[in-house]
Each structure stands twice: as C-alpha cells, then as structure tokens.
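K.L.:
how would this look folded up:
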Amino acid sequence: MKPSPTKLILLQSHLHKLQKQGYFRLWLLGFISFLTLVTFATLLCRDSAHHGHLDLSLSLRHHRQNPSSGRAAAIPADAVAALLHYLGTNVTGGMSPPDARILAGVMSRKCPCNLLVFGLNHESLLWKTLNLGGRTVFLDESEFWVKRMEERHPGIEAYDVQYTTKVGEMKALRRGAVAAAAGDCRPVQNLLFSDCPLAINDLPNELYGVDWDVVVVDGPRGYSAAAPGRMSAIFTAGVLARSKRTKAATDVFVHDYAREVETVYSQEFLCAENMVPDSSTESLGHFRIPTMQRDSTRFCLGANVTKGSG
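P.N.:
A predicted model of the protein is given here:
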C-alpha cells in the first residue's frame with residue numbers, strides 16, 4: 001500500500017524546519033561570537049590605560065554599568081554598524097583569523113590611537129570598531145569604493161589615492177629610491193612636499209601632521225604586473241613612522257607579506273631589525289619603527305639583505 005501523500009508532505013516540512021533551525025543556530029553562533037569580540041575589545045580599550053599590557057586570551061568581563069541609571073551602557077553606534085555589516089557578508093580572500101587576532105591584540109593595547117589603513121576592504125569596520133574612541137583613516141585606490149563606503153557608513157573617514165606606480169616597475173623604483181635616500185627619498189621628511197616617486201603626497205594636508213600609532217598596509221592591489229602594488233604604501237608608512245614628532249615607535253603591519261613586493265620593500269624601508277618576530281606570520285609582517293633624526297639618510301641601521309631585489 002502506498003504511503004499517504006499527507007505524510008510525505010509532513011515529513012518534508014519537518015526536514016525543512018530542522019534545516020532552517022540549523023542555519024539559524026549557525027547564524028546565531030556567528031553573531032554572538034562577533035558581539036563578544038567587539039564587547040571585549042571595548043573593555044580592553046578602556047582598561048589598557050590603567051593596566052598596561054592586556055592579552056586577547058583573557059576572560060571576557062561583564063559590561064560596565066552606567067552609575068546614573070544602573071543599566072549596562074549601550075553598544076556604540078560603530079559597533080552596531082559593524083555587527084550589521086558582518087551579519088550579511090560572506091567574503092573570501094581577506095585577512096586570516098590568526099593574522100587578524102595579532103593585529104587586534106596590538107590595537108587593543110594602543111587604543112584609542114591614531115590608526116592609518118591602506119586599503120578599504122572586508123576588515124575595515126572591524127579595525128574602526130576596535131579603535132573605539134580613536135581616529136581611524138582609510139586610504140583606497142578606488143574613488144567609487146570610497147564614496148560607496150561613506151554612503152553606507154557615514155562615520156567612516158576615507159580618502160582615495162591616485163597611485164602612479166606599477167608592480168612591474170618595482171625593481172627600478174626601489175633602485176631609484178635607494179639612490180635618493182639622502183635627497184628626495186630620505187627617511188625623515190614632510191611627504192606633502194616630497195618629489196620621491198614612491199611618496200604619497202596628494203592626501204589632505206593635515207594627515208601629514210598626524211602622529212600615527214599604527215599603520216596597516218593592506219592595499220592597493222598587487223597581484224599583477226599592471227596593478228599599482230604596495231611599494232608606495234610601504235615607503236610612505238616607513239617615512240611617516242620615522243618623521244613623528246613624538247618619540248613613541250609606530251607599529252606597521254604589512255599584509256600578504258609572502259609576496260615579492262611586500263617582502264622586498266618591507267626589508268628595504270621598514271627593515272629586518274625592526275621586525276617583531278613573535279607577532280609576524282608568513283602572511284603578516286609586523287614592524288615596530290622608531291623615530292629618526294631629521295638629517296638621517298639611511299632607513300636601516302644594519303646591513304640590508306633584500307631577497308629578490310636584483
């Protein structure tokens with residue numbers, strides 16, 4: 001005897017319901033995990049000024065209460081925007097979770113701080129949220145993408161950069177910059193007035209006077225010979241760090257560090273002597289750059305052995 005059609009329909013409905021419940025649980029787990037990260041980063045920012053070094057592996061603390069109302073403080077608008085952004089986003093090819101945790105750990109100890117990021121991408125709202133109370137500026141090669149992100153997230157501060165370099169020119173550009181280290185491409189200077197081909201000098205004037213605490217190089221594109229590459233971004237990051245008015249060192253991160261441009265230019269202008277091995281990976285280079293005297297003519301104090309720089 002054939003089974004009743006009604007039973008088949010009920011069985012399919014039950015399976016569909018279970019499937020939907022499974023998707024909902026996965027979504028809910030992801031949402032709670034990200035909310036936990038944002039809340040924890042907020043607490044780290046508040047406590048770091050009083051307790052010094054803090055690690056992301058510490059247990060999550062209770063959200064502080066507002067003394068006047070006795071209720072937990074509201075989640076900041078930036079955190080809400082980030083949660084909503086990642087809720088509906090499924091992107092591959094971004095920064096790996098281990099690399100993101102390293103960067104987030106350094107930022108949690110320095111926030112609120114002045115953060116400069118080359119590249120406007122999937123992780124941008126995360127960096128802005130982790131730097132709660134600080135200033136976060138993004139630089140991107142696409143004017144269209146900058147405008148679109150500003151429309152979607154009015155609180156974001158981003159500017160487009162007109163890169164004039166190409167990955168295929170990396171060797172010639174490097175040789176020229178090394179030869180002009182005592183002139184146009186010196187390690188300490190005001191980039192706004194620089195004639196060095198690697199210098200980015202078309203940003204809003206006041207950005208050149210900011211003492212950046214953390215710089216992240218995660219753009220522009222660098223996967224083909226015709227792409228602009230990150231030569232200018234790495235050079236500019238090195239100069240900005242060495243030209244600060246304050247004595248505090250600048251943490252510079254270079255993503256996609258295993259690629260030739262990122263490796264060669266980091267070794268040349270950020271220097272192996274400044275690398276932080278404990279927080280560097282194959283795909284993320286971490287450098288802590290000290291300030292230099294105004295008359296400096298060498299980026300690196302030690303001998304530079306630059307792989308693949310021929």
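
K.L.:
which parts of stretch 96-109 are buried?
P.N.:
Residues 99-100, 102-109 are the ones in stretch 96-109 that count as buried (16 or more other C-beta atoms under 10 Å). Where C-beta positions appear, they are placed from N, C-alpha and C, glycine not excepted.

K.L.:
For these, point out the one with the lowest pLDDT.
P.N.:
Of all these, Ser108 has the smallest pLDDT value, namely 86.

K.L.:
so which helix or strand takes in that residue?
P.N.:
Ser108 belongs to helix 97-110 when assigned by DSSP states H and E.

K.L.:
ok, back up a step: nearest to Ser232, of the buried residues of stretch 96-109?
P.N.:
When the buried residues of stretch 96-109 are compared for distance to Ser232 (C-beta to C-beta), Leu103 wins out at 21.2 Å.

K.L.:
Can you show me the helices along this protein?
P.N.:
Using DSSP state H, the helices of the chain run over residues 5-51, 77-87, 97-110, 124-130, 143-152, 170-179, 231-242, 260-269.

K.L.:
so Pro290 makes contact with Glu273?
P.N.:
No - with contact defined as C-beta atoms under 8 Å, Pro290 does not count as touching Glu273 (9.9 Å).

K.L.:
Where among the helices of the chain is average confidence lowest?
P.N.:
Least confidently modelled of these is helix 5-51, at a mean of 45 by mean pLDDT.

K.L.:
now the end-to-end length of stretch 283-292.
P.N.:
28 Å (C-alpha to C-alpha, to the nearest Å).

K.L.:
which of the residues in it are buried?
P.N.:
Buried-residue list, stretch 283-292, by 16+ other C-beta under 10 Å: 283-287, 289, 291-292.

K.L.:
Output the below-cut-off pLDDT ranges for the stretch 201-310 of the chain.
P.N.:
Scanning the stretch 201-310 of the chain for pLDDT under 70 picks out 303-310.

K.L.:
residues contacting the closest residue to Gly219 other than its chain neighbours?
P.N.:
Sequence neighbours aside, Gly119 is the residue nearest to Gly219 in space, at 2.4 Å (criterion: C-beta to C-beta, 6 or more residues apart in numbering). Taking C-beta atoms under 8 Å, 6 or more residues apart in numbering, we find Gly119 in contact with 138-140, 216-220, 255.

K.L.:
Now flag whichever of the residues you listed is closest to Glu150.
P.N.:
The closest of those, once distances to Glu150 are taken by C-beta to C-beta, is Phe138, at 9.9 Å.

K.L.:
The closest one touches Ser124, doesn't it?
P.N.:
Yes - assessed by C-beta under 8 Å, Phe138 is found in contact with Ser124 at 5.9 Å.

K.L.:
quick one: contacts for the nearest residue to Pro228 once chain neighbours are set aside?
P.N.:
In this structure, Pro228 finds its nearest non-sequential neighbour in Tyr163, 3.6 Å apart by C-beta to C-beta, 6+ apart. Residues in contact with Tyr163 (C-beta under 8 Å, 6+ apart) are 141, 200, 220, 228-229, 232.

K.L.:
If you rank those residues by neighbours, which is first?
P.N.:
Neighbour counts for the contacts of Tyr163 peak at Gly229, which has 27 neighbours (criterion: other C-beta atoms under 10 Å).

K.L.:
wait, doesn't that residue sit right on Gly222?
P.N.:
Yes - contact criterion C-beta under 8 Å: Gly229 and Gly222 qualify, at 4.5 Å.

K.L.:
overlap in contacts of the two?
P.N.:
Joint contacts of Gly229 and Gly222 (C-beta under 8 Å, 6+ apart) are 167, 261.

K.L.:
now Ala249: how far from Arg242?
P.N.:
10 Å (C-beta to C-beta, to the nearest Å).
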